[in-house]
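Undergrad: kindly return the folded structure for what I paste below:
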Amino acid sequence: MRGTGVGAGREIEVRTGRAVPAVVLRAVLGLLGVLVLVLASTAPGHGLAPAFVTVGALLVPVLVLAPATAAAGGVVVLAGLRLLSGEVPSLPVVLGLVLLVHVLLWCASTTARVTWRGRVEVAVLVDGLRPVAALQVGAQALAVVATLVTGSGGGDVGRVLAILSATVVAWVALSRPVRAFVGSDD
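TA: Next comes the predicted model:
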């Protein structure tokens, strides 16, 4: 019974804008992972441990090949451990890491929803980055406060405040209102 449904025989043309292939998104995701780890390794401290390099070299390919896994979180945790094991990083390093980590997590969640042969419209990516940019204002301000408190002799208190600030920013960034799916499969 072909052609007996509503709208049968009609063709619909859907126009889309420029699109980015999933391979490019995955390459950008891998680059972001490497940048986070490289920036974390520039912080003063004990030098690079071979374990840091090894784990980072294993995590980034997993991040690219399977962005839906916890590899993005693993990159963030590894960078955080490197920072905690050393001295207080400079303000530009902290600000760069706050931005890169946020974009890394957003890119991982976006890339995880695209199949290898998929494409994402540039307009969709720009629309998704707008909330990230808005959250960066507060995140950067908290990073400045945390760095100033830590750098002014705050010691462990400063580190605790920095961790709490990062936790609050992550919670705000990751909590999303529940939205009902509007539409049907018909």
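
Undergrad: so how many other residues sit close to Pro131?
TA: Pro131 has 12 neighbours, counted by other C-beta atoms under 10 Å. C-beta: built from backbone N, CA, C; applies to glycine.

Undergrad: what helix or strand is it on?
TA: Applying DSSP states H and E as the criterion places Pro131 in helix 122-149.

Undergrad: what is that helix packed up against?
TA: strand 19-21, helix 91-111, helix 155-174 (3 or more C-beta pairs under 8 Å, 6 or more residues apart in numbering; DSSP states H and E).

Undergrad: cutoff 6 Å now
TA: Here helix 122-149 touches helix 91-111, helix 155-174, going by 3 or more C-beta pairs under 6 Å, 6 or more residues apart in numbering; DSSP states H and E.

Undergrad: give me the contact list for the longest one.
TA: To tie it back to what came earlier, the one meant is helix 91-111. Applying C-beta atoms under 6 Å, 6 or more residues apart in numbering, the external contacts of helix 91-111 come out as 25-26, 29, 32, 35-36, 39, 43, 67, 72, 76, 132, 139-140, 143, 147.

Undergrad: can you pick out the most distant pair from these?
TA: Arg26 and Thr147 (32.1 Å; C-beta to C-beta).

Undergrad: of those two, who's got more company?
TA: With neighbours defined as other C-beta under 10 Å, Arg26 and Thr147 compare such that Thr147 has more, 23 against 20.

Undergrad: between the contacts of helix 91-111, which is nearest Glu13?
TA: Distances from Glu13 to the contacts of helix 91-111, taken by C-beta to C-beta, are shortest for Leu25, at 26.0 Å.

Undergrad: now for the nearest residue to that closest one once chain neighbours are set aside, how many residues are close by?
TA: Distances taken as C-beta to C-beta, 6 or more residues apart in numbering place Thr111 nearest to Leu25, at 4.6 Å, with adjacent residues excluded. The tally of other residues near Thr111 (other C-beta under 10 Å) stands at 23.
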